[in-house]
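Q: curious how this folds, go ahead:
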Amino acid sequence: MPSKRLIPGSQSLNIAIISPSATLTPHFPTELDIAQQHLDAGHTVKFFNCTGQLKNCDHNPDRSPKLCNECVGRRQMGLELLTPTVPCHSFSEEFSTEVSIDFDHLKNLLAYKIDNFDIGFAAYSSLVSNCRDPEPDLIQHREQLNRSLQSAGQTYFQTLELLSSGSFDRVYAFNGRFAALRGVLRACQKNGVDCYLHERGCDQQHFDLFKNELLHDIQSTEQIILDYWESANNRPDRETIAATWFQERVDRVEKVWHSFVKNQEQGRLPDTWNPDQRNIGIFCSSDDEFVAIGEAWKNEFYPNQVSAIRQIAHDLLKTNPEIQLYLRVHPNLASVENECKASMLSLQSPNLTIIAPDADIDSYQLMKSCEKVATFGSSVGSEAVYWGIPSVLLGPCLYQGLGGVYRANSHAHALSLLTQTLEPQEKTGALKYGFWFQTRGYPHQYYTPSGLFDGQFKGQTIYAKPPKLSPWARLKKNTRRILSWRSRSGE
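A: Sure thing, here's the model as predicted:
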């Protein structure tokens, strides 16, 4: 497999960790872990963070002062655990963002760039995730969208200024998809400085790194998957390891995220299930993460999943009424209310059975009982290949080039694939996908997880300590306390 060494050789490095938020575990402890590993190697590490200067925070979109103070306090405690001491610098509130705002049309927003920074996509990605809506109303959410644009501009220009000194060899940041964090990545790319984006790894004991590209970049992540597989070519247990990932999905094992099927009744099919008819399962995706990545994720022949399903059901009813479609709405949407979900649940056609996201129908039993499945990029598409079920892919995704799926290239082609009798394809591509998910990442050395969102760094739970005050701020606070006490005591 690719090298698991985070620290290259004995080379001396100057490291910048740009960390707008210290809110989330395991991501902030991961940054501390990375920092300590570099410090152990004798490298120089500096943190750059927000203490309320950014116009928008994806983890505090309502700009609650309480949450902001808790974030500052968590960072303060975490940095105090590093040895030796690491300098921490705040963003500048007065820094000119130089961005356009007030976009009323999505096309114009997504086309908006600064240099080669896709700032429109970046801000839209944050808005979609905060609203949990793949098609949010830009006018209704104008204020939040504009703040996302401004925060993206802040981090982009300030990272450019930071890197202009030429003193940093490597930058770390979280994920890179969101507005402010994508600004960091694009500034590094412009200046030719390596940017490592960290994310969860194969399990709670590992974190992963993506060098100079988003995890969501289809071509680069596909190459990473292939490299993992080829590097393990001499391992006799390579396929067994890959198979474990698929089996654990069926068994509801929660390794890096919630299992969306854990509340489903194993083996249960819809009450209307008829094994004597042609049954096709359609597994929709939760679009939040991928809808605002870039043009590579644009579906070339369907504007969205609802339109696709409506058109497929309508046309198949005319040409192949013997086919029954079972739409499994993604369980991740159970607690979400938006127009896209409402439109999907309201679809009606005699050949379409809709399974609500909170229904206890077993997704895997449905998958294995169908003649074939169709997906828009859900992992179910690759999982079906592994389990020997013909899989039709109706949209772009990370595994589209690995093989094993039938890729539709138009609506007519999709109908042809859905109506034909298809044979299961060779499953090596699915094994490559599963092997990467089962092995990817670097082991934590100082962070010990106790759950998906809990753990300790160097044996300490990081909590929000009151932020340190300057001498002048302490004097003002103490003066207010004394005056308040005198007022209450009648002096």
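
Q: low-confidence regions, the protein specifically.
A: Across the chain, residues meeting the criterion (pLDDT under 70) sit at 1-5, 8-10, 93-97, 465-471, 473-491.

Q: ok, now with 50
A: In the predicted model of the chain, residues 2-3, 488 satisfy pLDDT under 50.

Q: any chance you could map the strands in the stretch 101-250 of the chain?
A: Counting by DSSP state E, counting those that start in this stretch, the stretch 101-250 of the chain has strands at residues 170-174, 194-200, 206-211.

Q: which outside residues touch the last one?
A: Right, strand 206-211. For strand 206-211, contacts defined as Cβ atoms under 8 Å, 6 or more residues apart in numbering pick out 6, 26, 30, 33-34, 176, 194-202, 215, 217, 220-221, 224, 440-444. Placement of C-beta: from N, CA and C, glycine included.

Q: contacting residues for the closest residue to S349 other than its chain neighbours?
A: Leaving out its chain neighbours, the residue that sits closest to S349 by Cβ to Cβ, 6 or more residues apart in numbering is A313, at 4.1 Å. Listed by Cβ under 8 Å, 6+ apart, the contact partners of A313 are 325, 347, 349, 351-352.

Q: nearest to Y156 among those residues?
A: L347 (40.8 Å; Cβ to Cβ).

Q: quick one: contacts for the closest one?
A: 306, 309-310, 313, 327, 354.

Q: contacting residues for V253?
A: V253 makes contact with S259, according to Cβ under 8 Å, 6+ apart.

Q: renumber starting at 196 from here on
A: Let's use 196 as the start, then, which means that last one is V448.

Q: so where does it fall, helix or strand?
A: Using DSSP states H and E, V448 falls within no helix or strand.

Q: how much space separates it from Y319?
A: 34 Å (Cβ to Cβ, to the nearest Å).

Q: could you do L610 as well?
A: Taken as Cβ to Cβ, the span from L610 to Y319 is 31 Å.

Q: more neighbours: the two, which one.
A: Counting neighbours by other Cβ atoms under 10 Å for L610 and for Y319 shows that Y319 has the greater number, 25 against 17.

Q: show me where the stretch 296-445 of the chain has its helices.
A: 301-306, 314-326, 337-358, 374-386, 413-426, 433-445 (DSSP state H, counting those that start in this stretch).

Q: enumerate every residue touching the closest residue to G576 other than its chain neighbours.
A: Using Cβ to Cβ, 6+ apart and skipping the chain neighbours, the partner closest in space to G576 is T570 (3.7 Å). Contacts for T570 (Cβ under 8 Å, 6+ apart) come out as 477-480, 576, 579, 586-590, 592.

Q: close enough to count as contact, N325 and Q339?
A: Yes - with contact defined as Cβ atoms under 8 Å, N325 reaches Q339; the gap is 6.7 Å.

Q: and for those two, which residues touch both?
A: Common neighbours of N325 and Q339 (Cβ under 8 Å, 6+ apart) are P256.

Q: between the two, which one's more packed in?
A: Higher neighbour count among N325 and Q339: N325, with 21 against 18, using other Cβ under 10 Å.

Q: which residues are in contact with the closest residue to P282 other than its chain neighbours?
A: Leaving aside its sequence neighbours, P282 sits nearest to K241 (Cβ to Cβ, 6+ apart; 5.1 Å). Contact analysis of K241 by Cβ under 8 Å, 6+ apart lists 209-212, 281-284.

Q: quick check, K241 in a strand?
A: Yes - with DSSP: H, G, I helix; E, B strand; the rest coil as the criterion, K241 is part of a strand.

Q: for it, name its beta-bridge partners.
A: In this structure, K241 bridges to A211 when assessed by DSSP bridges.

Q: quick one: which of the contacts of L542 is nearest to G361?
A: The shortest approach to G361 among those belongs to V501, at 49.7 Å (Cβ to Cβ).

Q: and that closest one, how many neighbours does it have?
A: Neighbours around V501, by other Cβ under 10 Å: 21.

Q: adding distance to S346 and neighbour count, write the contacts of K241 out as JSON lines.
A: Rendered in JSON lines, the data for the contacts of K241 read as follows (distance: Cβ to Cβ, whole Å; neighbours: other Cβ atoms under 10 Å):
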{"residue": "N209", "distance to S346": "26", "neighbour count": "15"}
{"residue": "I210", "distance to S346": "23", "neighbour count": "22"}
{"residue": "A211", "distance to S346": "18", "neighbour count": "25"}
{"residue": "I212", "distance to S346": "18", "neighbour count": "23"}
{"residue": "V281", "distance to S346": "24", "neighbour count": "20"}
{"residue": "P282", "distance to S346": "23", "neighbour count": "10"}
{"residue": "C283", "distance to S346": "19", "neighbour count": "16"}
{"residue": "H284", "distance to S346": "17", "neighbour count": "13"}
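
Q: with respect to A427, which of those is nearest?
A: I210 (29.5 Å).

Q: adding distance to L358, write the contacts of A508 out as CSV.
A: Converted to CSV, these look like this (distance: Cβ to Cβ, whole Å):
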residue, distance to L358
L520, 52
L542, 49
S544, 55
N546, 57
L547, 53
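
Q: out of those residues, who has the most neighbours?
A: Neighbour-wise, the contacts of A508 (other Cβ under 10 Å) top out at L520, 23 neighbours.

Q: ok, now how distant is the residue lying closest to V486 once chain neighbours are set aside from H300?
A: In space, and not counting its chain neighbours, V486 is closest to P329: 4.5 Å by Cβ to Cβ, 6+ apart. For P329, the distance to H300 (Cβ to Cβ) stands at 17 Å.

Q: who has more neighbours out of these two?
A: A side-by-side neighbour count of P329 and H300, using other Cβ under 10 Å, places P329 first with 22 against 10.

Q: contacting residues for the more buried one?
A: Residues near P329 by Cβ under 8 Å, 6+ apart: 323, 482-483, 486, 499, 533, 535.
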